[in-house]
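Asks: what's the 3D shape of this:
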Amino acid sequence: MQWSQHAEIKPMRCEQRFGDRVVPLFTDRPPTIWAMVEAAVARNGDGEALVCGAVRLSWRQVADAAARIASGLHAKGLCRGDRLALLLGNRIEFVLTLLAAAKLGLVTVLLSTRQQTPEIAYVLNDCGARLLLHEAALAGRLPAGDVTPELAGRIAVDDDPARSGFAALTDQPVHSERVEIAEEDTAMILYTSGTTGRPKGAMLAHCNIVHSSMIYEACLGLTAADRSIAAVPLGHVTGVVANITSMVRCAGTLIIMPEFKAGDYLKLAARERVTYTVMVPAMYNLCLLQLDFDSHDLSSWRIGGFGGAPMPVATIERLAAKIPGLRLVNAYGSTETTSPSTLMPPVLTARHLDSVGLPCPGASILVMDADGRELPRGEIGEIWIGGGQVIKGYWNRPDATAESFTAGYWHSGDLGSIDADNFVRVFDRQKDMINRGGLKIYSAEVESVLASHPAVVESAIIARPCPVLGERVHAVVVTREPTSSETLRSWCAERLSDYKVPETLIVTPDPLPRNANGKVMKRQLREALTA
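Replies: Coordinates of the predicted model:
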């Protein structure tokens, strides 16, 4: 089965990309992010583009503001290829500066507002950032000037003009000279979470971002009438592509939520007549836990994308009952694949709950063994991903690039399979798979069973070291009401093979630790277990 059976996909052709790669790309496409902005103005110039609190901007106003910011950045001495770092939360200045940098040919480096001083210093020095825009409230977290010698300036951003230097960027006359930007030029650097060693800077080119934005547009049927809430951090690849640039591509409306709170989300979604969003499953669960859920009119909400973790069946069923017009779309991707590699056609979600969908148009998904040989359909191996959305590599890390990419295919580190009908399944990260005396256990399967228990909010399955079997199954389970570990073990024992049942459990009301991308930090749980 192919995506072309479920959506109108514009023509593609194979092209040479990043040296020796040959990948399918949309034949008719904008060359750059700024070209998408110009197309949005031409298509829907007076239409609403950005909403944040009381501020509402049309696409024409967005393009004008971004052009003035680009001139301000140029006046600061920044030119094509220079790195501009953003340490900003979800705010309009984030979006406008991102687009301004794209117009000027700068490389935007995205930092998380959760990062601490040593992490911030590492990124700034690793990428050689020239200028940093940061939340004024985070000034105390910035490294000292002598620690980041290449950083020529810092600009605070705040709603209070007395604390913000951002307005100075918009005071310059528009710089009329057009910067020539190539499709393969790096547009952004996003640092991976660094589960092992130092984080690596993934280089997202203009062509990667344009391609992925067009994938979202085509597969989800996005138009200028769509209204999306940015509830996830904008500094993550999902925030950038699934929210910002996808709305640029379709000339729709992006509604910026500074911080996700389930109650506020429901009010905002109802008030703004939201049609589309992408969130992690836990966010949907938190919305459903709101006692006043049924009082909000969410009938306009037609597409609910999710990823980062399996969506519990119980959550899917409750959403279907409460919002009949909502179609859930499982999305699987990463920073290295500029967001989506697979998407589930909305009409098929309920019939394929164990799958992350079909390969996106133009994407190539392989399942490989440890020796780099493709495995037959249905067999489990490492997922390799190729296509126009795959980045060219890591910033200043040819060694890491060579290790993680083969002939344009990125080695995901995920264990999965592809069935005879082309549906992709992801079972676990290679490092998260549990080997109990030679028996392989995929945490996602056990977590899915736990999620179906009515008292469970979320869970994480990790390995507990064992001198006899090597590893045993351990569970950290978040519940909404007091529940004994024996009750949960019995629940699993009725539904799983005996060796998959957690032998030890920690039951807690506290949320699981998550990184800025919304993914559970299993490494932290493992460290706590062995401490």
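
Asks: gap between the residue nearest the centre of the chain and Pro467?
Replies: With distances taken as Cα atoms, centre = their mean, Thr238 lies nearest the centre of the chain, 2.6 Å away. Using Cβ to Cβ, to the nearest Å, we find Thr238 at a distance of 41 Å from Pro467. C-beta here means a position set from N, CA and C on the backbone, and glycine is covered the same way.

Asks: now for the least confident helix or strand in the chain by mean pLDDT, which elements pack on it?
Replies: Ranking every helix and strand in the chain by mean pLDDT, DSSP states H and E puts strand 439-441 at the bottom, with a mean of 78. In terms of contacts (3 or more Cβ pairs under 8 Å, 6 or more residues apart in numbering; DSSP states H and E), strand 439-441 is packed against strand 434-436.

Asks: buried residues in the strand it packs on?
Replies: Ile434, Arg436 (16 or more other Cβ atoms under 10 Å).

Asks: What lies in contact with that strand?
Replies: The contact list for strand 434-436 (Cβ atoms under 8 Å, 6 or more residues apart in numbering) reads 440-443, 461-463, 466, 469-473, 499.

Asks: Scan these and report the most crowded one.
Replies: Neighbour count (other Cβ atoms under 10 Å) singles out Ile461 as the most crowded of the contacts of strand 434-436, with 27 neighbours.

Asks: So what are the sheet partners of the host helix or strand of that residue and their directions?
Replies: Ile461 belongs to strand 456-466 when assigned by DSSP states H and E. Strand 456-466 has the following sheet partners, assigned by DSSP bridges: strand 470-479 (antiparallel).

Asks: ok, residues contacting the strand it pairs with?
Replies: By Cβ under 8 Å, 6+ apart, the surrounding residues in contact with strand 470-479 are 434-437, 441, 446, 450, 455-466, 483, 485, 488, 499-512, 525, 529.

Asks: mind running it again at 6 Å?
Replies: Residues from elsewhere that reach strand 470-479 (Cβ atoms under 6 Å, 6 or more residues apart in numbering): 434-436, 441, 455-464, 466, 502-508, 525.

Asks: that older thread, work out the sheet partners of the least confident helix or strand of the chain and label each with its direction, please.
Replies: strand 434-436 (antiparallel).

Asks: returning to that earlier point: distance from the chain centre to the least confident helix or strand of the chain, please.
Replies: Distance, stretch centre to chain centre, for strand 439-441: 29 Å (Cα atoms, centre = their mean, to the nearest Å).

Asks: Compute the inter-axis angle for the very next helix or strand once past that strand and strand 470-479.
Replies: Where DSSP H and E defines the elements, the next helix or strand beyond strand 439-441 is helix 443-451. Between helix 443-451 and strand 470-479, the angle comes out at 40 degrees (axes from the mean of the first three to the mean of the last three Cα atoms, to 10 degrees).

Asks: And the average pLDDT for helix 443-451 is what?
Replies: For helix 443-451, the mean per-residue pLDDT is 85.

Asks: same deal with stretch 153-161?
Replies: The pLDDT scores in stretch 153-161 average 92.

Asks: Could you do stretch 326-336 as well?
Replies: The pLDDT scores in stretch 326-336 average 93.

Asks: same question, stretch 20-37
Replies: Confidence for stretch 20-37, expressed as mean pLDDT, is 97.

Asks: which stretches of the stretch 51-200 of the chain have low pLDDT?
Replies: Within the stretch 51-200 of the chain, the segments meeting pLDDT under 70 span 193-197.
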